[in-house]
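>>> Fold the stuff below for me.
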Amino acid sequence: SASVDIKPDFVEVSSRVHSIECAKAFSQLNPKERAYAYYFTRASWEGAKICYFQRSYEAPAFFYLFQKIFINQTIADLKALAINDLKFTETEWTQLVVYIAAFFQNCGNYKSFGDTKFVPEISKDKFVAWIRATKAYSIESARFEEILDAALLEIFEFRPPYFELAFSDNNGASSYYSYNMTSEDAEFIKQFLQESNISPLNTRVIKVNPKHYNILFCSQETLVKKFDFKGVTIELHYGDFAPFMAKVVENLKLALNFVANDHQKLMVQKYIEHFESGDVNHHKDSQRHWIKDKGPVVETNIGFIEVYLDPAKVRGEFEGFVAAVDKEATKKLSDLVSNAEKLIAHLTWPKEFEIDVFSKPDFTSLEVITFACSGTPIGINLPNYDDITKNEGFKNVNLGNAYGKPKKENVQYVVPEEIDLFVKYSHDSLFLIVALHELLGHGTGKLFVLDKEGKYNFDHENVKHPLTGEKITACYKHNETWGSKFGELASSYEECRADGVGLYLSCFDQAMEILFPGRESEWDDIRYIGWYEIMVSGLKGMVHYIKDSKKWGQAHVCAAYALLQVCLQAGNDFLTIKETTKDGKPYLVINLDKSQIRTTGKKAVGDFLRELQIHKTLGDFEGGSAFFGKYSAVDDRFLKYREIMLANKLPRAIELIHDISKVDDENFEYKVFPETFEGIIESQIYHYQLAIDDVFEEWFKHKYHFRIRPTCSK
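Got it, this is the predicted structure:
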């Protein structure tokens, strides 16, 4: 049953545009680097077509429809059509373009940050009338009608199961799975893939009937393999998204001509083999070369990377990025890496629970040129293959131009007299927390494993369970990972651990000395705003808490909320939340006692981290989820605060990512688009280079299986 809580979520016409711009860094690249960046950018956007298929059943169809409309007519023409012929008001036109801009930027109609549905604010009648009045419609009306018939309902409907990304048995939908699949079915497939030693990362799954499943693997080559598992037929279908992969491979082969060194060459070759064959082992090999390519001028990565979007948290969302190095910020991050061991020594868990040798990763600060996916993060720690990061190393990346700058009038829930400080140090404080979070948060902590041969990777005889003092009886088996063990909780738990490490280590002057040399007088303020920022995002993030299913729609937000609770429970009035009013509406103000950060705050976060890490190291899901649940649970007081957050919510900015144009075989230029909703649409038309017919064909192939049929038998 739909609850009273769910109202349609519109993209507000007052949304800001966040331009992730990189002209200066691009201008410093030489011709070879520019060519490499260009072909890698083209490969990334070709692959990003897949993101629409991973977001919702209807997204690829409307991607095709919107692209066709803007390919065939200028924005000025389309606006004139709306206002003069169809009598749209200016506001209705803005409602239409802001919806389409957000649709393109999120790779579909669910927010990449929060995973809930947004719908057009303009009426369905006007929306459809405008589509039918376009030149594109007159060229291919049959196809457009097919799309309207098969997916218009899904664009406007917002009641469950059309509201959040979840399994159908949890009253949602996920386009990684045919709609008749439940979480139990997904678990069965996970078991099969685990036992067959095949990665689910680049797959979708269709349940043909209870005795037959098809697993679709993204690859250029097509192939079917048939298995019998526990009396059920399972077919592996290679060749999902083959037309996209052909273009990804074609562009990567062109990029090969411009690589900077052998590591890049081997890495790109392995990417090509992965996209051709669909074998994730080739992708793992590409990452082995990627981590050895230290400090490149042009940094890239591509593939099925983050698993946040999949309700089972095992299938990756496609992404590709290209970025140019920021030399000054990178020098500070390299110094942080050099001093990592000294800082790790301060962490609060027993030293046996820390990785034996910290393999010094590459840590660079980059300016994003291209981020082809549903949203750009501000920091990255890759690869996501546990066995590689634990045994061979990883890279950390800070994405400096993705931060966004707060405006004074948009700062919320901060004590009025601290707002100027909050704005002044927002970039520095974020740099501080992101640097510590990525390097020393994600990069630390050991997992205790019992290998195939029955050997432990820790001193099983002597290391005792720190919380009970008893012998350690459980840990990870050789075929279990942190993700498979902690499931849906893994992302939030790990982001919380990394943020907690960031807060904790910011209390040591060693860290401040490395990241902000010569600015001693500002250290306290930068640290203060770093802590304050996380407390505010924990409160603001409550809009991503889904009340009905008692679950968080976003891992980073859940992490910040848990740390907010840790600081509230630290006592001593270290952190207080005051109920007040603003513009006649209920409002909240967070007060953080700056003088207690390095005492009360540090102790509370340190104790919390110790226990988080112990459960993680031991693979103790039961203990870990109970412990973390105490801090991530939302009680009546905070449900009331959530209403205040919803009433005061500012629209999230919509990203604008620019592009590179090819002048001729030797010359490539940075292509800048206007910072408007229309500019976002223009950029998104350019990204895909007018070649989008394959999206309709791939959607059409399996659409029957993925459409929500609320009455269908499971």
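
>>> From now on I want contacts and neighbour counts done on CA atoms only, so please keep to that.
Noted.

>>> now the helices for the stretch 451-600 of the chain?
482-486, 490-505, 509-515, 523-540, 555-568 (DSSP state H, counting those that start in this stretch).

>>> can I get these in CSV with mean pLDDT?
Compiled in CSV, those are given as follows (pLDDT from 0 to 100):
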stretch, mean pLDDT
helix 482-486, 92
helix 490-505, 97
helix 509-515, 97
helix 523-540, 98
helix 555-568, 97
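
>>> who wins for proximity to Gly231 among those?
Of all those, helix 482-486 sits nearest to Gly231, with 24.2 Å by Cα to Cα.

>>> which residues are in contact with that closest one?
Lys313, Val314, Asp386, Leu447, Ala490, Ser491, Lys616, Gly619, Phe621 (Cα atoms under 8 Å, 6 or more residues apart in numbering).

>>> Same check on stretch 82-96?
Val11, Glu12, Val13, Lys79, Pro120, Glu121, Ile122, Lys126, Phe127, Ala129, Trp130.

>>> follow-up on the earlier one: export the helices of the stretch 451-600 of the chain to TSV and tack on distance to Tyr99?
Listed next are the helices of the stretch 451-600 of the chain as TSV, based on distance: least, Cα to Cα, whole Å:
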stretch	distance to Tyr99
helix 482-486	34
helix 490-505	29
helix 509-515	40
helix 523-540	23
helix 555-568	24
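
>>> on that earlier part again, which of the contacts of helix 482-486 has the most neighbours?
Comparing the contacts of helix 482-486 by number of neighbours (other Cα atoms under 10 Å), Lys616 comes first, having 27 neighbours.

>>> I figured that residue was touching Gly624, is that so?
Yes. Contact status for Lys616 versus Gly624: in contact at 7.0 Å, counting by Cα atoms under 8 Å.

>>> give me the low-pLDDT residue ranges for the protein?
Residue ranges of the chain with pLDDT under 70: 1-5, 710-714.

>>> and the longest strand for it?
Using DSSP state E to define each element, the chain has its longest strand at strand 362-372.

>>> Can I get that strand as CSV, trimmed to CA atoms?
C-alpha atoms of strand 362-372 as CSV (Å, rounded to 0.1, in the frame of the first residue of the first chain):
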residue,chain,number,x,y,z
ASP,A,362,49.3,6.6,-5.6
PHE,A,363,47.3,9.6,-4.3
THR,A,364,46.7,12.4,-6.8
SER,A,365,44.4,15.4,-7.0
LEU,A,366,42.7,15.6,-10.3
GLU,A,367,40.5,18.0,-12.3
VAL,A,368,37.7,16.0,-13.9
ILE,A,369,37.6,16.4,-17.7
THR,A,370,35.0,13.6,-18.2
PHE,A,371,32.9,11.7,-15.8
ALA,A,372,30.5,9.5,-17.8
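
>>> quick one: strands adjacent to that strand?
Note on strand 362-372: by DSSP bridges, its sheet partners are strand 317-325 (antiparallel), strand 395-399 (parallel).

>>> For the stretch 201-350 of the chain, which segments are assigned as helices?
242-255, 262-277, 280-292, 327-338, 340-344.

>>> closest one to Ala151 among those?
Taking Cα to Cα, helix 242-255 is the member of these nearest to Ala151, at 22.3 Å.

>>> ok and that closest one relative to helix 262-277, angle-wise?
Comparing the axes of helix 242-255 and helix 262-277 via axes from the mean of the first three to the mean of the last three Cα atoms, to 10 degrees yields an angle of 160 degrees.

>>> Now helix 242-255: buried residues?
For helix 242-255, the neighbour count (16 or more other Cα atoms under 10 Å) marks 242-249, 251-255 as buried.

>>> Any chance of CSV for those, columns distance to Ser138?
Converted to CSV, the buried residues of helix 242-255 look like this (distance: Cα to Cα, whole Å):
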residue, distance to Ser138
Ala242, 29
Pro243, 26
Phe244, 27
Met245, 31
Ala246, 30
Lys247, 29
Val248, 31
Val249, 34
Asn251, 33
Leu252, 36
Lys253, 38
Leu254, 37
Ala255, 38
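
>>> Out of the residues you listed, which comes closest to Met267?
For the buried residues of helix 242-255, the nearest to Met267 is Leu252 (10.5 Å; Cα to Cα).

>>> wait, isn't Pro60 in contact with Lys701?
No. With contact defined as Cα under 8 Å, Pro60 does not count as touching Lys701 (11.8 Å).

>>> In terms of packing, which of these two has more residues around it?
Counted by other Cα under 10 Å, Pro60 and Lys701 do not tie: Pro60 has more neighbours, with 28 against 9.

>>> Next, the contact list for the more buried one, please.
Applying Cα under 8 Å, 6+ apart, the residues near Pro60 are Lys49, Tyr52, Phe53, Gly108, Val695, Phe696, Trp699.

>>> change it to 7 Å
Residues in contact with Pro60 (Cα atoms under 7 Å, 6 or more residues apart in numbering) are Tyr52, Phe53, Val695, Trp699.
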